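the sequence and its predicted three-dimensional model are supplied below.
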Amino acid sequence: MKKIIVITTLFLISVISSASEYIFYKGNSTSVFDIVFTIKDNKMFNGRNTAFSDNIIYTIKDNSIYKGNSTSVFDVVYTIKDNKIFAGRSTAFSDNIIYTVKDNSIYKGNSTSVFDIVYTVKDNKVFEGRSTAFSDNIIYTVNNSEDIYKVILPLLLM
């Protein structure tokens, strides 16, 4: 009986902890061999290895995205404000807007025009452009799409 309780507890802990984990697969794949990025504990890692801080690409904290494992204001690479992703810390100028996010679409710059859609998120897949009809348009598949800003984080590397 104790063994069943321990196993059940371990299973629940792993399910709860993996819920906050985002795993990005290349294209339409969900193979462990095609894992490109992992977001865990608000840190984005290259590949699946989340054990080493050298593997951290970005850290996410308080609507800011920092370079590496840093949370210093000097290492802010992107800022999220009003459904927009700005380059650096400044949110005062529209020239700094890289993407606008609305209704699972990612628009270029400060636009929400259908002609400026660069990426679309649907069914845990990120498609290039507006079309979600063809699997050739899938850039990557993610296991969790609750937080759109975490889902589009790898796009900032492109």
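That came through fine. Residues are numbered from 1 along each chain as shown.

surely Asp54 is in a helix?
Yes: counting by DSSP: H, G, I helix; E, B strand; the rest coil, Asp54 is part of a helix.

next, count neighbours for it.
By other C-beta atoms under 10 Å, 10 other residues sit near Asp54. C-beta coordinates here come from the backbone N, C-alpha and C atoms, glycine included.

ok, now the one 4 residues further on?
Counted with other C-beta under 10 Å, residues neighbouring Tyr58 total 24.

show me what contacts it?
The contact partners of Tyr58, taken as C-beta atoms under 8 Å, 6 or more residues apart in numbering, are 43-44, 65-68, 77, 153, 156.

by pLDDT, give me the weakest of these.
Lowest pLDDT among those: Leu156, with 69.

quick one: low-confidence ranges for the chain?
Residue ranges of the chain with pLDDT under 70: 1-19, 156-158.

so Phe24 belongs to a strand, correct?
Yes: judged by three-state DSSP, Phe24 forms part of a strand.

beta partners of it?
Phe37, Val142 (DSSP bridges).
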